[in-house]
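Asker: just the structure for this:
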Amino acid sequence: MKHRTGLEDAYVIKENKKLRMGYTTGSCAAAAAKAAAKMLLSGQRVEEAALMTPKGILLHLLIEDIRMKYDDNGQVEEVSCAVQKDGGDDPDATHGAYIYAAVTRQEQDITIDGGKGVGRVTKPGLRQAIGEAAINPVPHRMILEETTKVCEELGYRGGLKVVISIPKGEELAAKTFNPRLGIVGGISVLGTSGIVVPMSEDALIASIRLEMQMLVAQGAKYLLITPGNYGEAFASKMPDLNRNAEMKCSNYIGETIDMAVELGVKGILFIAHIGKFIKVSGGIMNTHSRNADSRAELMAAAYLRSGGDGDTARRILETFTTEEALDILEESGKCSLEKTMEQVCRKVEFYLNNRCRNSLLIGAVLFSQAKGKLGETSKVQSLISKINDEVMNR
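Answerer: Sure, this is the predicted structure:
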């Protein structure tokens, strides 16, 4: 009979699909630590651990690869065991990884550290100090609470040393944000609810916020932000731009601006593909296609505002990609492309300023893959100067 974890009926609906929930690396670490502590103090094998998650879902997780070491008197002196991560239907790099906990006695207190495959913090701005293991606060608290309960239940008044390790962690880290965050040697032990919600926007936004916090902690006040790889590649070809304070924001333009205001950032320079930021010219601050499109409509409107004719505008409305629309603008005369991009940049600047309530120096450089730089908003050169000066003075 298949083992039941407690998540058999836990699903979310995304884009008309039923997606299975999973459990976090933090839940795995807490369950493994609980089981290892119980085996260490009782001497009895534990093959399943019950764990109440912060989300309020009770998990029953299998305990695997149990290793018990004995001293010369036959007393258990160390226990190591693992829980296999199940990310549900989320595209999670850590799905299937084994999260280990090794527990030994010590005189007092319960200490928690990371072993092989758990990253170490090397830069300021994260919730852990430099040199500490990248075990986030909620998983850390879960591990501490579960092992404390075991000690109380078994009448043990000494201390415990808990070491969390993830054998494939260093390999998996390359698929995560960790290299950008200055976390080296492995992955982070994560989770705020203990449960993985498939394709969670909250989790991605939290990662963006964490990266911004780290840059701010290092002294950055003016940030270079790209929605994705295209923007990053284009920025790398701008020789007059220092990229030390660079990060990505995915589709979350509005949320990124909100974070910057909250964290005391003074300015943002976006480097963005026209396919993303043509939407911003219409006030669309989440540029994912499932939220809004209107690319052709916004391009046609900008063209008409620049003095364009109705027939060409109708052709633009029939396009499926912004590159196709740009070709039509170029065919109608170079001046039409330039004037249309001026209108687009004017509207982009208006909506960026509107989102931050004019509390940031903010601007954008727009480009296309085929035609290169298309235009920029009015504060771009000032932002470039401030970004470069800030890096020199830090």
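
Asker: now the spatially closest residue to K116 that is not a sequence neighbour: how far from A101?
Answerer: Using Cβ to Cβ, 6 or more residues apart in numbering and skipping residues adjacent in sequence, the residue nearest K116 is S165, 4.6 Å away. From N, CA and C alone the C-beta is placed, and that goes for glycine too. As judged by Cβ to Cβ, to the nearest Å, S165 and A101 stand 8 Å apart.

Asker: V197 contacts R20, doesn't it?
Answerer: No. Look at V197 against R20 with Cβ atoms under 8 Å: they stay out of range, at 10.4 Å.

Asker: quick one, phi/psi of the residue of the chain positioned farthest from its centre?
Answerer: Distance from the C-alpha centroid of the chain peaks at N73, with 48.6 Å (Cα atoms, centre = their mean). Main-chain torsions, N73, degrees, to the nearest 10: phi -90, psi 10.

Asker: and what of Y23?
Answerer: Per degrees, to the nearest 10, the backbone of Y23 is at phi -130, psi 150.

Asker: bridged to it, which residues?
Answerer: I195 (DSSP bridges).

Asker: list the contacts for it?
Answerer: Residues in contact with Y23 (Cβ atoms under 8 Å, 6 or more residues apart in numbering) are T5, L7, T53, L59, L61, K85, D86, G88, G191, G194, I195, V196.

Asker: same check on T147?
Answerer: A33, K34, A37, V103, I110, L160, V162.

Asker: which one of those residues is nearest to I205?
Answerer: Nearest to I205 among the contacts of T147 is A33, at 28.8 Å by Cβ to Cβ.

Asker: chain neighbours aside, what residue packs nearest to the closest one?
Answerer: Of all residues not flanking A33 in the chain, A101 sits nearest, at 4.0 Å (Cβ to Cβ, 6+ apart).

Asker: only alpha carbons, please: show the host helix or strand of that neighbour as CSV.
Answerer: Secondary structure from DSSP states H and E places A101 in strand 98-106. C-alpha atoms of strand 98-106 as CSV (Å, rounded to 0.1, in the frame of the first residue of the first chain):
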residue,chain,number,x,y,z
TYR,A,98,17.3,13.7,0.1
ILE,A,99,17.5,16.0,3.1
TYR,A,100,19.5,14.5,5.9
ALA,A,101,19.7,15.3,9.6
ALA,A,102,22.5,14.0,11.9
VAL,A,103,21.9,14.4,15.6
THR,A,104,24.4,13.9,18.5
ARG,A,105,24.3,14.8,22.2
GLN,A,106,26.0,17.8,23.7
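
Asker: who touches the helix or strand just after that strand?
Answerer: As assigned by DSSP H and E, the chain's next helix or strand after strand 98-106 is strand 110-114. Residues outside strand 110-114 that contact it (Cβ under 8 Å, 6+ apart) are 33, 120, 133-135, 140, 143-144, 147-148, 151, 159-165, 186, 189.

Asker: then stretch 341-351?
Answerer: Applying Cβ under 8 Å, 6+ apart, the contact partners of stretch 341-351 are 274, 277-278, 280-283, 285, 298-299, 302-303, 305-306, 362-364, 366, 374-379.

Asker: could I get the CA-only coordinates of it as PDB?
Answerer: Coordinates of each C-alpha in stretch 341-351 appear next as PDB, following Å, rounded to 0.1, in the frame of the first residue of the first chain:
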ATOM      1  CA  MET A 341       9.200  54.600 -29.700                       C
ATOM      2  CA  GLU A 342       9.300  58.200 -28.400                       C
ATOM      3  CA  GLN A 343       5.600  57.800 -27.600                       C
ATOM      4  CA  VAL A 344       6.100  54.400 -26.000                       C
ATOM      5  CA  CYS A 345       8.900  55.700 -23.800                       C
ATOM      6  CA  ARG A 346       6.900  58.700 -22.800                       C
ATOM      7  CA  LYS A 347       4.100  56.400 -21.600                       C
ATOM      8  CA  VAL A 348       6.400  53.900 -20.000                       C
ATOM      9  CA  GLU A 349       8.000  56.800 -18.000                       C
ATOM     10  CA  PHE A 350       4.500  58.000 -17.000                       C
ATOM     11  CA  TYR A 351       3.400  54.700 -15.600                       C
END
